[in-house]
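**Q** return atomic coordinates for the entry below.
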Amino acid sequence: MGENSRNTAAGLKVAAEIDVDEITGHRRMRRSRGADWSRRMVRETRLTVDDLIWPIFIIPGTNILEPIDAMPGVNRMTVDKAVEAAKMAADLGIPALATFPNVEMEKRDETGSHILEPDNLINQTTRAIKKAVPNIGIITDVALDPFTSHGHDGILRDGEIVNDETVRQIAAGAVHQADAGADIISPSDMMDGRIGAIRRALDAAGHQSVSIMSYATKFASACYGPYREAIGTSGLLKGDKRTYYLDPSNAMEAIRDAGLDVEEGADMLMVKPGMVYLDICRALKDTYGLPTFAYQVSGEYSMIKAGHAAGYIDGERIMMEKLLAFKRAGCDGILTYFAPEAAKLIAKGLG
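**A** Predicted coordinates for the structure are as follows:
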């Protein structure tokens, strides 16, 4: 018998004599994994339809659904179609929509002044949905990027995004959005002091019951490309947004930034993007204990769709696994373009 054969025989003899019960101390983790009923019984984290917020994109006109090339399955829609979408969402049990406008280029300028128009596209949408589906929540963003000719989230002066003038304008825009019926104002601009200014403006206008979901930690990410196509800013952007978005390297700065929003009166916190910042989701939840949300952004959505289309992944399983990961990281809810798909799977007991 050769040396390798003798070594193999000796190894097999030792393996045959191993007492696994002695090693595990009779603690067998697989006992609860053996059947579907027992796996469900001990499940720690659950995804429900109540966790889903559906972002939708609005365009001018009537009776139009306009596919977004970079986001398969997602459309820009006119207000009447948004009402139909809201009815479908309500039927599925989705609690809220987040609305984003793609306004005509002639209505965009250096300061994003169209946000101050009480009957602009976003406010038209809110009124129409609230009239038709009063029990669904409406979340609106007051960042200026859909309204500026340069694609930035604030007012551009001499090559700089000016903070305080931007804050005053978005606070005024927030009042118009609340007047139209928005339930939650969710500013994504990342200007300093915006949460406190919006809270004061809303309260002064009699909107004490309107909540603020702060984009508390919005990172300068590479995951936003398809969204910028959806709202028509991808070809407009001059420079980048790193002077006001968070550096992806900085976790402690993100926690400090969120803390300022909490002090200024934020009711809820959001992390954007979601999947690559699960550590931030957990940190915010553990640090502040406020309702915490993640935005599964356009790039994250498109990557899953592209992988599934190429046959590399099971799109539905990956979708549900990633949504569950947000819950496991401490999120109370997720803004996701997958909301209708996920809601239908959850209704079938596949969540």
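
**Q** show me the protein divided up by domain.
**A** The chain is divided into the following domains under automatic domain parsing: 1-43, 49-347.

**Q** ranking these by burial, who's on top?
**A** Comparing these by mean neighbour count (mean count of other Cβ atoms under 10 Å), domain 49-347 ranks first with a mean of 19. C-beta: built from backbone N, CA, C; applies to glycine.

**Q** picking up where we left off before, where among the domains of the chain is average confidence lowest?
**A** Least confident of those, judged by mean pLDDT, is domain 1-43 with a mean of 77.

**Q** can you confirm Pro55 is in a helix?
**A** No - when classified by DSSP: H, G, I helix; E, B strand; the rest coil, Pro55 is found to be strand rather than part of a helix.

**Q** gap between the two ends of stretch 39-56?
**A** End-to-end distance of stretch 39-56 (Cα to Cα, to the nearest Å): 35 Å.

**Q** contacts for that stretch?
**A** The contact list for stretch 39-56, computed with Cβ atoms under 8 Å, 6 or more residues apart in numbering, reads 32-33, 77, 82, 85, 89, 92-100, 139, 293, 295, 320, 323-324, 326-328, 331-337, 339-340, 342-343, 346-347, 351.

**Q** keep only those of these that are in strands.
**A** 77, 96-100, 139, 293, 295, 333-336 (DSSP state E).

**Q** any chance of the residues you listed in a markdown table, with distance to Asp247 too?
**A** A markdown table is the format used below for the ones in strands among the contacts of stretch 39-56 (distance: Cβ to Cβ, whole Å):
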| residue | distance to Asp247 |
| --- | --- |
| Met77 | 35 |
| Ala96 | 30 |
| Leu97 | 31 |
| Ala98 | 25 |
| Thr99 | 29 |
| Phe100 | 25 |
| Ile139 | 26 |
| Phe293 | 21 |
| Tyr295 | 18 |
| Gly333 | 26 |
| Ile334 | 24 |
| Leu335 | 22 |
| Thr336 | 25 |
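
**Q** tell me the one of these nearest Arg199?
**A** The closest of the ones in strands among the contacts of stretch 39-56 to Arg199 turns out to be Ile139 (Cβ to Cβ; 16.1 Å).

**Q** so Pro60 sits right up against Glu104, yeah?
**A** Yes - Pro60 is within contact range of Glu104, at 6.0 Å (criterion: Cβ atoms under 8 Å).

**Q** need the three-state assignment for Thr287.
**A** What three-state DSSP gives for Thr287 is helix.

**Q** when you give positions from now on, start the count at 69
**A** Yes, from this point I'll number from 69; that puts the last item at Thr355.

**Q** so what's it up against?
**A** Ile323, Ala326, Gly327.

**Q** inside helices: which ones of those residues?
**A** Among the contacts of Thr355, DSSP state H puts Ile323, Ala326, Gly327 in helices.

**Q** hmm, Arg350 and the first one touching each other?
**A** No - checked against Cβ under 8 Å, the pair Ile323 and Arg350 is beyond contact range at 10.9 Å.

**Q** what do the two both touch?
**A** By Cβ under 8 Å, 6+ apart, no residue touches both Ile323 and Arg350.
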